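Colleague: Sequence first, then the predicted structure, then my questions.
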Amino acid sequence: MITGNGITRTFKQRGGVLGSREVPALRGVDFAIGRGGAVSFIGESGCGKTTLGRILAGLETYDSGDLVINGTSMSGLSHRRRQPYFRAIQLIHQDPYSALNPTRTIHQTLAAPLALRAGQTGRPRSWTDERAEELLALVGLDPGYVLPRYPHQLSGGMRQRVVIARALTVDPEMLVADEAVSMIDVSMRLGILALLKDLRERLGVSVLFITHDIATARYIGEGGEVYVLYRGQVVEQGPTETIIADPVHPYTQSLLSAIPVLHGLERPGAERVVPVEAAGGGQAGAGCLFADRCPFSTERCRSETPVLGRDGDTVQRHACFHPRRRSVIPLGVGA
Ligand SMILES: Nc1ncnc2c1ncn2[C@@H]1O[C@H](COP(=O)(O)OP(=O)(O)OP(=O)(O)O)[C@@H](O)[C@H]1O
C-alpha cells in the first residue's frame, strides 16, 4: 500500500518582470493505492500531476505531508535509506526515446538492471539473459528482433514497451505512467494501454495513471479510482465509473465536457466555465480555487475553502459547496 498524506510542494520560480514567485504545485494531496490497484490522476496542464508522479518515484521532494510506502514513512529517512522503497515504484515517462540511452542496445539496457537484480536475489549471472527475453515477451516484443537493436531502430510503441520491460526488471509494486501514450503514434496507443492493464491483472502490479485525457483514464482505470486535481488540490475523488458517469464537481464536469474547457456545462442556461488564463490568480487563501472560473460560484465560494468530503448521497468525495448532478454537454456541443 502506498499512501500520501497531505503532500505539499511549492516551487520558487525566478525571473520575469514580477521577480521571483512561489508556485504551489501540490497543496495537501491525500491518496491511497493498494496492490494491483488502478488509480488515475487527471487534470489540466499545470495542476501538479507530474510533480506528484515524480515525488512518488523519488525524483522530487515534498515540503510537508508524508509519503508512506508499505507502512514505512519516507519523511524521516535519508536519501540512501529511501532508495530501496522507491525501487518499488517505477516511472514510465511520456517520451520513451529520451528515456532510453541511444548508445546502448536493448540488450545492454536490460542487462545492467538485471545483473544488479541477480546479485540482490542470489541468482546466477546467466539468469539475466533469460529474464530479459522473458520480460520482452511479457510486454509483447520479439526478443530475437529487439535485443540487438538500438532505440532509434524501434518504433515509438516498441520503445515504450522496452521502457516498461526495463521498469519490470526490479519487480516493482507500482508503475507510474505519466502521459505514457501522449508521444506515441495514435495507432499504437491502445496497445500500450492494454499492456498496462494486462500487467496489472497478470502481475498484480498497481498502475498510477497521470493524464489530462478522460478517455484514457476511463480505459486504464476500469474498476479503480480517479482523483481530479485542480491547481494542486484534489477536488473530486471516487470510483472511475462514478466520476466519469456522474461527476458532481463543476470542474470535473467541465473536464468531461471538453478539454480545454470553454463550453457551456449544462442545459438550459449554457453557463460557461471561464478559461484558465482569463480567470483570476486563484492563489491560496480563503475561498475555492475554482471560484473564478466556476459558473455556479457564490459569495461563500469566495470566502470559505471547501474541504474534500462526502455528501450523504454521493459515492465520491468532492470539495464543492454546490455539488450538483448536471447533464454534461458532450464534447463539441454548445461551443
Ligand atoms: N522544477 C520546477 N521549478 C519551478 N516550477 C515548477 C517545477 N516543476 C513544476 N513547476 C510548476 O508547478 C506547477 C505544476 O507543474 P506540473 O508539471 O506538476 O503540472 P502538470 O499537471 O504535470 O502539467 P503538464 O501536464 O503541463 O506537465 C506548474 O505551475 C509548473 O510550472
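Modeller: Looks like it arrived, so ask away.

Colleague: which residues does the residue nearest the centre of the chain contact?
Modeller: Nearest to the geometric centre of the chain sits Ile210, at 2.1 Å (C-alpha atoms, centre = their mean). Residues near Ile210 by C-beta atoms under 8 Å, 6 or more residues apart in numbering: Ser40, Phe41, Lys49, Thr50, Leu52, Gly53, Val176, Ala177, Asp178, Glu179. Using the backbone N, CA and C atoms, a C-beta is placed for each residue, glycine as well.

Colleague: so which of those also contact the ligand?
Modeller: By C-beta under 6 Å from any ligand atom, the members of the contacts of Ile210 lying near the ligand are Lys49, Thr50.

Colleague: Export stretch 191-199 to PDB, keeping only CA atoms.
Modeller: Extracted in PDB, the C-alpha atoms of stretch 191-199 (Å, rounded to 0.1, in the frame of the first residue of the first chain):
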ATOM      1  CA  GLY A 191      -1.800  -1.400 -27.400                       C
ATOM      2  CA  ILE A 192       0.300   0.200 -24.700                       C
ATOM      3  CA  LEU A 193      -2.800   0.900 -22.500                       C
ATOM      4  CA  ALA A 194      -3.900  -2.700 -23.000                       C
ATOM      5  CA  LEU A 195      -0.500  -3.800 -21.900                       C
ATOM      6  CA  LEU A 196      -0.600  -1.800 -18.700                       C
ATOM      7  CA  LYS A 197      -4.000  -3.200 -17.900                       C
ATOM      8  CA  ASP A 198      -2.700  -6.700 -18.700                       C
ATOM      9  CA  LEU A 199       0.300  -6.300 -16.400                       C
END
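
Colleague: Now do the same for the residue nearest to the centre of the chain: helix, strand or coil?
Modeller: strand (DSSP: H, G, I helix; E, B strand; the rest coil).

Colleague: any idea how far Tyr145 is from it?
Modeller: Computed as C-beta to C-beta, to the nearest Å, the Ile210 to Tyr145 distance reads 30 Å.

Colleague: Check Arg87 too.
Modeller: 29 Å.

Colleague: does the residue nearest to the centre of the chain have beta-bridge partners, and which?
Modeller: On the basis of DSSP bridges, Ile210 takes part in beta bridges with Phe41, Asp178.

Colleague: I figured Pro102 was touching His152, is that so?
Modeller: Yes - in this structure, Pro102 is within contact of His152 by C-beta atoms under 8 Å, at 6.2 Å.

Colleague: so where do the strands sit in this structure?
Modeller: In the chain, the strands defined using DSSP state E lie at 2-13, 21-33, 38-42, 64-69, 72-73, 89-92, 174-178, 206-211, 225-230, 233-239, 317-318.

Colleague: Mean pLDDT and distance to Arg218 added to the ones you listed, as CSV?
Modeller: Formatted as CSV, these follow (pLDDT from 0 to 100; distance: least, C-beta to C-beta, whole Å):
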stretch, mean pLDDT, distance to Arg218
strand 2-13, 94, 22
strand 21-33, 93, 18
strand 38-42, 94, 8
strand 64-69, 95, 27
strand 72-73, 94, 33
strand 89-92, 93, 19
strand 174-178, 93, 15
strand 206-211, 92, 10
strand 225-230, 95, 9
strand 233-239, 96, 11
strand 317-318, 95, 19
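
Colleague: CSV for these, including distance to Arg123?
Modeller: Converted to CSV, these look like this (distance: least, C-beta to C-beta, whole Å):
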stretch, distance to Arg123
strand 2-13, 27
strand 21-33, 29
strand 38-42, 30
strand 64-69, 25
strand 72-73, 26
strand 89-92, 20
strand 174-178, 23
strand 206-211, 25
strand 225-230, 36
strand 233-239, 40
strand 317-318, 45
